[in-house]
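Visitor: got a predicted structure plus its sequence, pasted below:
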Amino acid sequence: MKAKPSGGRTKRPAVTPEEQAMFLSAIGKPLDGRDRLPVPPPPPAPLRVPVLPQAVSLTVEGDGQRYGARAPGVSRAQLAELRNGNVHAEETLDLHGSTTAHAASALRDFLLKSNRLGRRCVLVVHGKGLHSEQGAPLRETVLGELLGELSGLVHALSTASPADGGEGATYIMLRGSR
């Protein structure tokens with residue numbers, strides 16, 4: 001019985017100079033590495049543009065300072081739970097210092113991402129507008145977007161509880177992703 005070399009593989013026999021000459025004469029001239037064509041990189045994947053769900057008419061209630069809105073089929077009890085802060089916000093978007101244009105874009109991206117990740121409730125901090133001459137432009141922008149173009153993502157929304165920012169923040173309960 002022959003002992004196997006270490007590593008468990010048998011060693012290849014060495015090629016004699018005659019065998020090497022015979023091999024080279026059979027294949028012709030050896031190739032250099034420079035005759036190869038570079039392989040072009042694959043084309044980039046097409047961008048998937050997220051599509052917003054169709055806008056829904058939300059029922060709005062409030063007194064100007066505190067507000068709430070709910071989609072058809074959402075009970076007042078669910079809205080009350082949201083308003084009282086009984087639903088935990090899974091993620092927060094802080095828009096302090098943003099322009100209204102940037103805030104609208106950031107809100108859209110944030111809600112689409114949160115919906116895609118299966119988040120149920122999020123908090124958007126927009127401020128009370130204390131340092132603005134026009135009132136609360138960020139709050140108005142956020143509410144305008146939520147009640148308009150982004151309403152198809154909204155199950156319910158409410159002014160946050162004082163512990164989470166009060167009138168300077170909004171709870172948003174998102175619809176389940178389809």
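Guide: The structure has been received and is ready for your questions.
Visitor: alpha carbons only for contacts and neighbour counts from here, please
Guide: OK.
Visitor: where does the prediction get shaky in this protein?
Guide: 1-8, 29-35, 130-135, 177-178 (pLDDT under 70).
Visitor: any idea how far the most centrally placed residue in the chain is from residue 153?
Guide: Among the residues of the chain, residue 113 comes closest to the average C-alpha position under C-alpha atoms, centre = their mean, at 3.1 Å. Going from residue 113 to residue 153 by C-alpha to C-alpha, to the nearest Å gives 11 Å.
Visitor: equivalent analysis for residue 23, please.
Guide: Separation of residue 23 from residue 153 (C-alpha to C-alpha): 70 Å.
Visitor: neighbour count: the two, which is higher?
Guide: A count of neighbours by other C-alpha atoms under 10 Å puts residue 153 above the other of residue 23 and residue 153, at 24 against 11.
Visitor: give me every residue that touches the more buried one.
Guide: Counting by C-alpha atoms under 8 Å, 6 or more residues apart in numbering, residue 153 makes contact with 52-53, 111-112, 115, 174-175.
Visitor: and it, how far is that from residue 45?
Guide: Residue 153 is 27 Å from residue 45, by C-alpha to C-alpha.
Visitor: quick one: which helix or strand includes residue 171?
Guide: According to DSSP states H and E, residue 171 maps onto strand 169-174.
Visitor: what strands line up against that strand, and which way round?
Guide: The strands that strand 169-174 pairs with in its sheet are strand 121-125 (antiparallel), strand 154-159 (antiparallel) (by DSSP bridges).
Visitor: would you mind finding the most buried of those strands?
Guide: Ranked by mean neighbour count, these are led by strand 154-159 with a mean of 26 (mean count of other C-alpha atoms under 10 Å).
Visitor: tell me the one among the contacts of residue 153 nearest to residue 142.
Guide: Taking C-alpha to C-alpha as the measure, residue 142 lies nearest residue 111 of the contacts of residue 153, at 11.5 Å.
Visitor: relative to residue 92, how far out is the closest residue in space to that closest one that isn't next to it in sequence?
Guide: Excluding the flanking residues, the one nearest residue 111 by C-alpha to C-alpha, 6 or more residues apart in numbering is residue 153, at 7.5 Å. Using C-alpha to C-alpha, we find residue 153 at a distance of 16 Å from residue 92.
Visitor: wait, is the residue nearest to the centre of the chain part of a helix?
Guide: Yes. Counting by DSSP: H, G, I helix; E, B strand; the rest coil, residue 113 is part of a helix.
Visitor: which residues sit in contact with it?
Guide: Here residue 113 is in contact with no residue (C-alpha under 8 Å, 6+ apart).
Visitor: all strands of the protein, in order?
Guide: 59-62, 67-70, 91-94, 121-125, 154-159, 169-174 (DSSP state E).
Visitor: want to throw the ones you listed into a markdown table with distance to residue 138?
Guide: Below are the strands of the chain laid out as a markdown table (distance: least, C-alpha to C-alpha, whole Å):
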| stretch | distance to residue 138 |
| --- | --- |
| strand 59-62 | 18 |
| strand 67-70 | 15 |
| strand 91-94 | 11 |
| strand 121-125 | 9 |
| strand 154-159 | 14 |
| strand 169-174 | 10 |
